[in-house]
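Q: build me a model:
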Amino acid sequence: MLENTSVRQGLGVETQVVKLCSDQVADFLKYINDLQMTSEPCKVVILPGYQALEGDDDCGFGAYNPEQKTMWVVGDPAGEDIPADEKEDVICETIAHEYIHHIQHVEGRAFDESEAEKQAEDIIARWLVKNRR
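A: Got it, this is the predicted structure:
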């Protein structure tokens with residue numbers, strides 16, 4: 001576990017752990033860094049105890065702020081269809097999705113939810129294969 005730590009690993013994602021981060025989430029962040037999809041850092045803030053984030057248009061598990069180059073990810077995703085043993089998977093999927101929005105922003109492209117969803121699923125699938133999960 002990482003606790004009250006600020007770490008910058010690799011080129012792509014700057015990890016700022018607000019309180020606690022599981023080993024699984026830390027391993028996933030390292031995996032994204034190792035992909036080197038962009039040289040522009042992105043801060044990841046995991047919000048312990050938060051179950052959802054409410055935005056202007058909807059509610060979700062994460063959000064990306066392009067001006068701050070920061071993603072905000074809930075630390076306790078809630079939903080009737082999310083078993084307790086899959087919450088860390090949801091956090092990793094959310095990080096991947098928001099990271100694609102970061103790349104879209106860095107490349108000067110409009111946010112594309114469909115692209116972010118598809119690429120995030122691909123990143124997760126490759127990570128799961130690599131980790132034989």
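Q: can you pull out the low-pLDDT segments for this structure?
A: Applying pLDDT under 70 to the chain flags the ranges 1-21, 133.
Q: got phi/psi on residue 124?
A: Main-chain torsions, residue 124, degrees, to the nearest 10: phi -60, psi -40.
Q: how much space between it and residue 56?
A: Residue 124 sits 27 Å away from residue 56, going by CB to CB, to the nearest Å. Where C-beta positions appear, they are placed from N, C-alpha and C, glycine not excepted.
Q: okay, these two: which has more neighbours?
A: residue 124 (19 against 4; other CB atoms under 10 Å).
Q: who's in contact with that one?
A: 89, 92-93, 96 (CB atoms under 8 Å, 6 or more residues apart in numbering).
Q: mind running it again at 10 Å?
A: 28, 31, 89, 92-93, 95-97, 133 (CB atoms under 10 Å, 6 or more residues apart in numbering).
Q: of those residues, keep whichever come out buried.
A: By neighbour count, with 16 or more other CB atoms under 10 Å, the contacts of residue 124 hold 28, 31, 89, 92-93, 95-97 as buried.
Q: keep only those of these that are in helices.
A: 28, 31, 89, 92-93, 95-97 (DSSP state H).
Q: between the residues you listed, which is nearest residue 74?
A: Residue 74 lies nearest to residue 95 out of those, by CB to CB, at 10.8 Å.
Q: the closest one contacts residue 33, doesn't it?
A: No. Counting by CB atoms under 10 Å, residue 95 sits too far from residue 33 to count as a contact (11.5 Å).
Q: that concludes my questions; thank you for your assistance.
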